[in-house]
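J.: Build me a model:
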Amino acid sequence: MTREDEDSLLRSVAMHNARGILDARQRAESDLVNAKEALEQRGAELARSLAMMKATLEATSDGIMVSDNDRNVTGFNQQYVAMWQLSKPTMQWEDHRHPCETYRDQLVDPESYLSRLDAIYSAYPPESNDILHLLDGRVFERISRIQFVEGRNVGRVWSYRDITERKRAEADRDRLLAHIGENEERYRLGLDASATGVWDWDLVSADASPGRRAWPRSTTCLRASSTAAWTCSPGTPIRKTPIA
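T.: Residues are numbered from 1 along each chain as shown. Have a look, this model is predicted:
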């Protein structure tokens, strides 16, 4: 092989290596660009998901707070802050117990509240439900559930709902039912102490029949009008007698 042939071969090998290096660099740059675009797209999708989640949290009337498995606060909505009358500096604390310590003086039984909080984190039930009574008369319902992301337990979602009006309505209903029961008992005692007979009147069919109360021994006129009279004797059904 002559010197010229060697030089030509070396140049050919060098060109081949250069093209290989250039192709490899171009592929690497293309892969890098594709990865960057995919990452940007994934980031945009994540940003949209976070924005939608935040909008959903802010749209609900419940106070929402989210914590991770280390009890760190990872998210909350403004309704949560408003319900507990908290300030934003308070919510800069990471530990879930810190905001609780801030509003504990609003609770009727703060020690039980904090103990229950520790018990939930320790036992970690799938769901918890508690009623919280506040000193100003408000009543909150607290529900917490485990938060799963792609099948993995990542923390807990705490939901607080103001049920004060519902509890007041239930209390008013219970008082009314108790009052009705007391009146019914007084009415029953009054009937038992009297010699008055009682009959059942069906407002739909207009039929009447003796009730459970005993009737007086003599025939008693129960009702009369210009056209008929209804009478009942002991042990017999009510009879309608036309009046001529």
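
J.: quick one: the helices in the protein?
T.: Taking DSSP state H, the helices of the chain run over residues 3-59, 78-83, 97-103, 110-123, 164-192.

J.: With distance to Arg156, mean pLDDT and mean neighbour count as extra columns, can I get these in CSV?
T.: (Glycine included, C-beta is placed from N, CA and C.) Shown next, in CSV, are the helices of the chain (distance: least, C-beta to C-beta, whole Å; pLDDT from 0 to 100; neighbours: other C-beta atoms under 10 Å):
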stretch, distance to Arg156, mean pLDDT, mean neighbour count
helix 3-59, 15, 73, 10
helix 78-83, 14, 91, 16
helix 97-103, 13, 87, 16
helix 110-123, 8, 94, 13
helix 164-192, 25, 81, 11
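
J.: So for Val139, which of the ones you listed sits nearest?
T.: Among those, the nearest to Val139 by C-beta to C-beta is helix 164-192 (4.7 Å).

J.: Could you report the pLDDT at Arg239?
T.: At Arg239, the model reports a pLDDT of 56.

J.: do the same with the one 5 residues further on
T.: Ala244 is assigned 51 on the pLDDT scale.

J.: The helices of the chain into TSV, with extra columns for distance to Phe148?
T.: Below are the helices of the chain laid out as TSV (distance: least, C-beta to C-beta, whole Å):
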stretch	distance to Phe148
helix 3-59	14
helix 78-83	21
helix 97-103	24
helix 110-123	17
helix 164-192	30
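
J.: Ile131 is nearest to which of the ones you listed?
T.: Closest of the helices of the chain to Ile131 is helix 164-192, at 8.4 Å (criterion: C-beta to C-beta).

J.: coming back round to it: would you tell me which of the helices of the chain gets closest to Asp68?
T.: Smallest distance to Asp68 across the helices of the chain (C-beta to C-beta): 10.9 Å, for helix 110-123.

J.: from what I can see Asp136 touches Gln106, true?
T.: Yes: counting by C-beta atoms under 8 Å, Gln106 is a contact partner of Asp136 at 7.1 Å.

J.: Looking at those two, which one has more neighbours?
T.: A side-by-side neighbour count of Asp136 and Gln106, using other C-beta atoms under 10 Å, places Gln106 first with 17 against 9.

J.: residues in contact with the more buried one?
T.: Counting by C-beta atoms under 8 Å, 6 or more residues apart in numbering, Gln106 makes contact with 84-85, 134-136.

J.: Now Phe140: closest residue in space, sequence neighbours ignored.
T.: Closest residue in space to Phe140, ignoring its immediate chain neighbours: Leu132 at 4.3 Å, by C-beta to C-beta, 6 or more residues apart in numbering.

J.: gap between the one you found and Arg19?
T.: 74 Å (C-beta to C-beta, to the nearest Å).

J.: ok, Arg161 - contacts?
T.: Contacts of Arg161 (C-beta under 8 Å, 6+ apart): 61-63, 140-143.

J.: Filter these down to the buried ones.
T.: Neighbour-count burial (16 or more other C-beta atoms under 10 Å) is assigned, among the contacts of Arg161, to 62-63, 140-142.

J.: With pLDDT and distance to Pro126 added, can I get the residues you listed in TSV?
T.: Conversion of the buried ones among the contacts of Arg161 to TSV gives the following (pLDDT from 0 to 100; distance: C-beta to C-beta, whole Å):
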residue	pLDDT	distance to Pro126
Asp62	93	19
Gly63	93	21
Phe140	97	21
Glu141	97	17
Arg142	97	15
